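Peer 1: only the shape, not the letters, is given here:
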Ligand SMILES: C[S@@+](CC[C@H](N)C(=O)[O-])C[C@H]1O[C@@H](n2cnc3c(N)ncnc32)[C@H](O)[C@@H]1O
């Protein structure tokens, strides 16, 4: 491509960027380029192109910003609706007819940006064909662009409301789903193969029946446009259709493309001749072309896989020159520019991962071996790196090396969390065992306490029973006591009564207990027997102030009466007392004849002393009944003991 040199400093800048950074912007229109580069320069406060070049050298990421600024991704679904209507009504039916007979339909959307145009044409086909798989047509829709970020969005298939504003409502309902109805249905997403391709540098896809390259050529100068148009024409099958943007036109004399709609820039390739590149004619050329096409498709597949997978991937050829990489690899090693085409030694990976050198050598030490190791990324992530030799199926040995880089930071964190959890679990288990032991001890203590408690309860119950019994006994005793008191009172009264009765008797009377103690006596008895004090009650019978013989006799008779319960009378006995010398009959009777233990009643029946006889002895006044005896003078009456 030859073009006149105008703005020397700009040209120098473009030349240097192409050489040093691998970004070739030399085919783009100078006006557009200048505007976009100056915008970047203003933002970065670079005074001139030389200053901006310095900045580009110091900040490797700036080259991506520049590319972003130059590649304008503005696009829409069904952009320019009348043009799409023409395509739908005038072009697609013919293409489908032909496809139905050949069994193949190949479309290419070059410069597809974020994918809206490619999906629009897929919708047109799906609408007219119904279920494509039902027609046994092998439909291939390729969509390529030089902007990897735009391609990512395209593969994702999720769009803003603004991008969808020209989609007719029925089509939107039919082909969009998701939460807000802005995501393409998987069936449609699967129809398209997205891939990165530079229209200036890469070969075209071949055997295309419909080629859309809209609003791309406008950014290029005439030389580049010519170059691209030649490639696009070469890509078309005879009868194939080229769909350009409404401000784009063919360059005169370069093609034999005939307008189907001059207004909407839709052209058809009738036959190949003139300025067109020569098509491969020989069988070998055709095979080479086919192989190139297939290679292109395979590269698109491969790139699509690489950009989808999470780990970073770098593939090198046998001379350690990078031939493939993915976005993840660039992100992990903070590489602002593409590594593809560079020797591994010139990449960010080589600078930032010193361990790589050693492990790469190790993987090739004796025979090719897979090596795994961990290292830190510039952002401090833990990366698991696998160096895997790529071996050819034949005997060529190692034809390349794959470097697989996986961020294992979350995995490592998880592992350490698991280990911590295991330790905690073990500690918990041992604490649990201790608690179980303590619990068992507590249980046995509790059981002992329960036993003691039960014993205490039963003792308590026994005490309560005993208490109740004592209470009832007490009550009984109180009752008995009250009864006894009453009886005692009655007895006292009876005693008084008897006392009074005995006292009133004209004869001396003694009431003697069964044991011989004197219980009661009256004044007559006191007088007869000479008691000085009425308190003589209580003295025994054998202590009466009577002669000894009389006292013994009385005691014997008292015992006899108590034993037999029959009364006895001692007649005409001499009672020689100090107070009343004389005779008496003495009646000794049980108080109660059937209960002699209750004591005896002794009644003295005195009678006057008999006149003295001629021999000087006194005779009884009258003979008392019974066998009277004289008392012995020697038997002096015993003095009653006094208390
Ligand atoms: C304005 S968009 C057009 C999008 C779509 N075709 C349309 O008309 O709606 C231009 C696209 O061309 C792409 N482009 C620019 N230079 C390119 C090149 N050298 N190779 C491939 N694509 C290129 C840009 O990345 C951008 O996505």
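Peer 2: That came through, no problem. Since this is a predicted model, take the numbers as computed values, not measurements.

Peer 1: tell me the contacts of residue 60?
Peer 2: By CB atoms under 8 Å, 6 or more residues apart in numbering, the contact list for residue 60 reads 21, 335-337. Bear in mind the C-beta positions are built from the backbone N, C-alpha and C, glycine included.

Peer 1: now the buried members of the residues you listed.
Peer 2: Buried members of the contacts of residue 60, counted by 16 or more other CB atoms under 10 Å: 21, 335, 337.

Peer 1: how about the contacts made by the first one?
Peer 2: Residue 21 is in contact with 56, 60, 63, 337, counting by CB under 8 Å, 6+ apart.

Peer 1: do that again at 10 Å, thanks
Peer 2: 56-57, 60, 62-64, 66-67, 336-338 (CB atoms under 10 Å, 6 or more residues apart in numbering).

Peer 1: quick one: which of those sit in helices?
Peer 2: 56-57, 62-64, 66-67 (DSSP state H).

Peer 1: farthest-apart pair in those, please.
Peer 2: In terms of CB to CB, the ones in helices among the contacts of residue 21 reach their longest pairwise distance at 57 and 67, which sit 16.1 Å apart.

Peer 1: what parts of this protein come near the ligand?
Peer 2: 71-75, 79, 111-113, 117, 145-147, 150, 198-200, 214-216, 219, 245 (CB under 6 Å from any ligand atom).

Peer 1: could I get the buried residue list for stretch 331-340?
Peer 2: Going by neighbour count (16+ other CB under 10 Å), the buried part of stretch 331-340 is 332-333, 335, 337-339.

Peer 1: number of nearby residues for the nearest residue to residue 257 once chain neighbours are set aside?
Peer 2: Once flanking residues are discounted, residue 257 sits nearest to residue 267: 3.8 Å by CB to CB, 6 or more residues apart in numbering. Counted with other CB atoms under 10 Å, residues neighbouring residue 267 total 24.

Peer 1: hmm, who's touching the one helix or strand residue 267 maps to?
Peer 2: Using DSSP states H and E, residue 267 sits in strand 266-269. With contact meaning CB under 10 Å, 6+ apart, strand 266-269 is reached by 83, 86-87, 90-91, 94, 208, 210-212, 232-244, 249-250, 255-261, 276.

Peer 1: from residue 563, how far out is the residue of the stretch 451-600 of the chain found nearest the ligand?
Peer 2: Nearest residue of the stretch 451-600 of the chain to the ligand: residue 453, at 89.5 Å (CB to the nearest ligand atom). Using CB to CB, to the nearest Å, residue 453 is found at 65 Å from residue 563.

Peer 1: OK, contacts around the residue of the stretch 451-600 of the chain closest to the ligand?
Peer 2: Contacts here follow CB under 10 Å, 6+ apart; on that basis residue 453 touches 446, 460.

Peer 1: element containing residue 46?
Peer 2: Residue-wise, residue 46 maps onto no helix or strand under DSSP H and E.

Peer 1: tell me the contacts of it?
Peer 2: 37-38, 40, 52-56, 62.

Peer 1: neighbours around residue 238, how many?
Peer 2: When neighbours are counted by other CB under 10 Å, residue 238 comes out with 11.

Peer 1: thought it was touching residue 208?
Peer 2: No. Applying CB atoms under 10 Å, one finds residue 238 not in contact with residue 208, separated by 11.1 Å.

Peer 1: show me where the stretch 351-500 of the chain has helices.
Peer 2: Under the criterion DSSP state H, counting those that start in this stretch, the stretch 351-500 of the chain contains helices at 355-363, 409-504.

Peer 1: the bottom helix or strand of this protein by mean pLDDT?
Peer 2: One helix or strand of the chain scores below all others by mean pLDDT, DSSP states H and E: helix 283-308, with a mean of 71.

Peer 1: tell me where the model's unsure across the stretch 501-643 of the chain.
Peer 2: Where the stretch 501-643 of the chain drops to pLDDT under 70, the residues are 531-537, 577-581, 593, 596, 608-643.

Peer 1: minimum distance to the ligand, which residue of the stretch 251-400 of the chain gives it?
Peer 2: For the stretch 251-400 of the chain, CB to the nearest ligand atom, closest residue to the ligand: residue 265, 11.2 Å.

Peer 1: could you pull up phi and psi at that residue?
Peer 2: phi 50, psi 50 (degrees, to the nearest 10).

Peer 1: for the most centrally placed residue in the chain, what are its contacts?
Peer 2: The residue lying closest to the centre of the chain (CA atoms, centre = their mean) is residue 421, at 13.5 Å. Contacts for residue 421 (CB under 10 Å, 6+ apart) come out as residue 428.

Peer 1: is it true that residue 193 lies in a helix?
Peer 2: No. Applying DSSP: H, G, I helix; E, B strand; the rest coil, one finds residue 193 to be strand, outside a helix.

Peer 1: what comes up buried for stretch 72-83?
Peer 2: Under the neighbour-count criterion of 16+ other CB under 10 Å, stretch 72-83 has 73, 75-80, 83 buried.

Peer 1: name the nearest of the residues you listed relative to residue 585.
Peer 2: residue 77 (164.5 Å).

Peer 1: now for residue 168: which residues touch it?
Peer 2: Neighbouring residues of residue 168 by CB under 10 Å, 6+ apart: 77-78, 81, 123, 174.

Peer 1: tabulate those residues (a markdown table), appending secondary structure and pLDDT.
Peer 2: Below are these laid out as a markdown table (DSSP: H, G, I helix; E, B strand; the rest coil; pLDDT from 0 to 100):
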| residue | secondary structure | pLDDT |
| --- | --- | --- |
| 77 | coil | 96 |
| 78 | coil | 96 |
| 81 | helix | 95 |
| 123 | helix | 96 |
| 174 | helix | 95 |
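
Peer 1: tell me the two of these that are most distant?
Peer 2: Maximum distance among the contacts of residue 168 (CB to CB): 17.5 Å, for 81 and 174.

Peer 1: contacts for stretch 468-476?
Peer 2: Contacts of stretch 468-476 (CB under 10 Å, 6+ apart): 463, 466, 477, 480-481.

Peer 1: same question for stretch 171-181.
Peer 2: With contacts defined as CB under 10 Å, 6+ apart, stretch 171-181 is touched by 77-78, 119-120, 122-124, 126-127, 157-161, 164, 167-168, 182-188.

Peer 1: that stretch: which residues count as buried?
Peer 2: 171, 175-176.

Peer 1: gap between the two ends of it?
Peer 2: 11 Å (CA to CA, to the nearest Å).

Peer 1: could we number from 25 for the rest of this?
Peer 2: All set: I'll call the first residue 25, so the last point we hit is now stretch 195-205.

Peer 1: and it, how far out from the chain's middle?
Peer 2: Distance, stretch centre to chain centre, for stretch 195-205: 39 Å (CA atoms, centre = their mean, to the nearest Å).

Peer 1: returning to that earlier point: how much space between the nearest residue to the residue of the stretch 275-424 of the chain closest to the ligand once chain neighbours are set aside and residue 426?
Peer 2: Excluding the flanking residues, the one nearest residue 289 by CB to CB, 6+ apart is residue 268, at 3.9 Å. Remark: distance between residue 268 and residue 426 (CB to CB) = 41 Å.

Peer 1: tell me which of those two has more neighbours.
Peer 2: Legend: neighbour count by other CB under 10 Å for residue 268 and residue 426, higher for residue 268 (24 against 15).
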